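Give me a 3D structure for the following:
(chains A and B)
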Amino acid sequence: MITLNDYLLVSGLLFSIGFAGVMLRRNIIVIFMCLELMLAAANLSLVAFSRFNLVDGLPNYNGQMLVFFIITVAAAEVAVGLAIIVALYRRKQTTHVDDINSMKF
Amino acid sequence: MIAWIILLAPLVSAAIILLVTGKSRSISAMISVAAVAVAFVASCILFGQAETEPMMIAWATAGAFSIEIGLLVDPLSKVMLLVVTLIGLLVHLYSLGYMKEDDGKSRYFASLSLFMFSMLGIVLADNFLMMFIFWELVGVSSYLLIGHWFSREAAAQASKKAFIVNRIGDFGFLLGILLVWTLTGALGFGAAAAALGESGASAGMLTAAALLIFCGAVGKSAQFPLHVWLPDAMEGPTPVSALIHAATMVAAGVYMLVRASFLIEASPDAQDVIAIIGAVTALGAALIATQQNDIKRILAYSTLSQLGLMVLAVGALSANAAMFHLITHAFFKALLFLGAGSVIVGMHHEQDIWKMGGLKNKMPLTFMTFLVGTLALTGMPYLSGFFSKDLILVAAFAKDPVYFWVAATASLLTAFYMFRLFVVAFMGKPRSQAAKTAHESPKIMTLPLVLLAIPSLALGWDFVIAPFYKVAHPEIPTLVIGSAIGAFSLGTAIAFLLYRGRDKDPVLIPALANKFYVDEIYDGVVKRLNDGLATVLAFFDRWVLDGVVVKGSSAVTWGFGYVLRFLQVGNLQAYSFIFGLGVVGVLYFVIFRHP
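Coordinates of the predicted model:
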């Protein structure tokens, strides 16, 4: 029997992997993918909470609604973010974040 | 209805000239002359009509308060309309000759039409606020016309001076209007007069209101101490001097005082102040006029002096005498100025009377009409000025003999300086090449002179003036009539004795030639005060406002920004790490430190 804890464990692992990726990797596309991983982790825990908190014998749909919102926003974010990365690459010829530091004082 | 035609005809003319016919100078001039002719004819028709209730148009309404524009047609405004439009018409005709070759002829006639519109607005105004609006408009048109030859430094300066000095008086006028409104709750002349009796206003408030209203007249009618603009206004074209700065606009102040006489009657203190200022102006300007050499300046100071007499009459509660003198003065002073203009044209634009001489034979028509004007002004018995000045002398005598003696002295000086001008300019031998080759002016210029000479001669006779204006007939003391005739004879005699056959002025009084140094005093006091204040304000602006407030606040912002810049390390991961720490912090405070 798979319990809520199992789902949350997987979700926490996914989130940690994503956060570690964001912290440690230097390629901006990989960072971007890690961000998506963190969002997926959040989605997973939301769905798990929804499934295991029954209201009148039915799942709590509030959690699932929030997941749909996150998926939609993430799609929009990808569209904008990738476009920015493409524009950045065209201008700087790099996707390495250490080379992108012109805002530094 | 006709009153509206009178008012709007010149405005239409000004608009047409400005918008359509500006390029064609002669058509512009004709339109302007036609408009003033229409106004004159309409004034004549209106004069014959019975008085009607003014047609009121609500102009601005705010809650219970409403400003109405209405035209007041009563005996006073009717006769004033006739005077203004008749002299206006003659001056327009004269201008056709005088400004014949001028490049700015269209602009000149447009300004002149604008002036006629504004002046007629003052005459017809039935409330203080409407009068104030047109009051400012005559100020504007006066500014435009004084500065007509704006490329001349002196003219540009004079137009500015006239405008600014007038503004000082107008400011008082506006305050006075507000005070009258506060006291009575009405702006219309009739309504305010009716409400004043029941308002229960204190004597001090009434005096303040009357004196503030009088401020407007001090500016516009060039009374001491705001008289300095009028002599300088002679930089404008001579017909303008005749129309605006002698016959009509400067008389507007007196006309306004007559309209507001209900206010002056309510305050004995204000009467004294007004009478004193009138007397000081009458005497001071007459003294200055005796030592001037510019033909137009002599006439300008003479205008000042005569306006002073009118104001004195207002202060002596004889509005009737003031209006009568205003009417006669308008005619003979316009005549004198136009005559001076004719002389100036004949002399090839020379204005110094000591360069003239012997013009009697060169310009016979100008000479004859100028003589009529001089005699009327100086109070030759049985000419118009004699009658009107007598009434003022009687009024002054009734108020206080001191005023009477001041006015009589001013009359003596009037006779003296006018015949000084007359003897020097017209008699004797020519003193310069220009005087030798002087020529009579064209007919379009001499015709108005002749037409103006007729009322100057005859307007004082009772059967002539009676249909137009009801002149009171007080009993004239023998002393008054005797001193009036004495002043005329004595002044004339001294002038002839002193100046006959002279080539330069035998009397030199620097204080008078320099106009009592009033301009210099203003320069010294007002200008230095102004400069000192400006220096203080400049210091405040530069060091306090600019230095502390503006630069200080920018330095504080910049300083904070400089410190915060060190957080910008330029490493994406560092930012997200700090962001993550922030999230942890928020979670910590929300979960564990939540109350």
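
Strands along chain B, start to end?
Along chain B, the segments classed as strands by DSSP state E run B:56-62, B:65-70.

Same list (these) but as CSV, adding mean pLDDT, distance to chain A and mean neighbour count.
In short, each C-beta sits where N, CA and C put it, glycine included. CSV is the format used below for these (pLDDT from 0 to 100; distance: least, CB to the nearest CB, whole Å; neighbours: other CB atoms under 10 Å in any protein chain shown):
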stretch, mean pLDDT, distance to chain A, mean neighbour count
strand B:56-62, 78, 54, 11
strand B:65-70, 80, 59, 16
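
The closest residue to B:G147 other than its chain neighbours and B:E101, how far apart?
Nearest residue to B:G147, sequence neighbours excluded (CB to CB, 6 or more residues apart in numbering or on different chains): B:S159, at 3.2 Å. For B:S159, the distance to B:E101 equals 22 Å [CB to CB, to the nearest Å].

what does B:L508 give?
Going from B:L508 to B:E101 by CB to CB gives 38 Å.

swap in B:W558?
Note on B:W558: its distance to B:E101, by CB to CB, is 65 Å.

Next: B:H594.
Separation of B:H594 from B:E101 (CB to CB) stands at 94 Å.

Please apply the same query to B:Y562.
For B:Y562 relative to B:E101 (CB to CB), the value is 70 Å.

Next: A:M23.
Relative to B:E101, A:M23 is positioned 92 Å away (CB to CB).

Flag every residue of chain B that's near chain A.
Within reach of chain A by CB under 8 Å from any CB of the partner chain, chain B has these residues: B:565-566, B:568-573, B:576-577, B:580.

what about the nearest residue to A:C34 once chain neighbours are set aside, which helix or strand?
Leaving aside its sequence neighbours, A:C34 sits nearest to A:G21 (CB to CB, 6+ apart; 3.1 Å). With elements taken from DSSP states H and E, the one containing A:G21 is helix A:4-24.

residues in contact with that helix?
Residues outside helix A:4-24 that contact it (CB atoms under 8 Å, 6 or more residues apart in numbering or on different chains): A:30-31, A:33-38, A:40-42, A:44-45, A:47-49, A:52, B:573, B:576-577, B:580.

Pick out whichever of B:Y562 and B:E101 has more residues nearby.
Remark: of B:Y562 and B:E101, B:Y562 carries more neighbours, 10 against 7, as counted by other CB atoms under 10 Å in any protein chain shown.

which one is whatever residue of chain B ends up closest to chain A nearest to, not counting chain neighbours?
Residue nearest to chain A within chain B (CB to the nearest CB): B:G570, separated by 2.5 Å. Leaving aside its chain neighbours, B:G570 sits nearest to A:K104 (2.5 Å; criterion: CB to CB, 6+ apart).

Likewise for B:V38?
Spatial nearest neighbour of B:V38, excluding adjacent residues (CB to CB, 6+ apart): B:A9 at 4.5 Å.

What of B:M130?
Nearest non-adjacent residue to B:M130 (CB to CB, 6+ apart): B:I69, at 5.5 Å.

Just grab the bridge partners of that neighbour for me.
Per DSSP bridges, the residues bridged to B:I69 are B:I57.

how close does it sit to B:K551?
Distance of B:I69 to B:K551, computed by CB to CB: 51 Å.

try B:V273
B:V273 sits 50 Å away from B:K551, going by CB to CB.

ditto for B:T281
Distance from B:T281 to B:K551, by CB to CB: 52 Å.

Those two: who's more crowded?
Taking neighbours as other CB under 10 Å, B:T281 and B:K551 compare with B:T281 leading, 28 against 13.

ok, back up a step: might you report the residue contacts of the residue of chain B closest to chain A?
The neighbours of B:G570, taking CB under 8 Å, 6+ apart as the test, are A:101-105.

Repeat the analysis, applying 7 Å as the threshold.
Going by CB atoms under 7 Å, 6 or more residues apart in numbering or on different chains, B:G570 touches A:101, A:103-104.

can you check A:V30 too?
A:G21.

phi, psi of it?
phi -70, psi -40 (degrees, to the nearest 10).

How about B:P225?
The phi/psi pair for B:P225 (degrees, to the nearest 10) reads phi -100, psi 10.

That one: neighbouring residues, count only.
B:P225: 14 neighbours (other CB under 10 Å).

residues in contact with it?
B:P225 makes contact with no residue, according to CB under 7 Å, 6+ apart.

tell me which residues in stretch B:224-232 are buried?
Under the neighbour-count criterion of 16 or more other CB atoms under 10 Å in any protein chain shown, stretch B:224-232 has B:224, B:226-232 buried.

And it, end to end?
Stretch B:224-232 has an end-to-end distance of 15 Å (CA to CA, to the nearest Å).

Thank you kindly, that will do.
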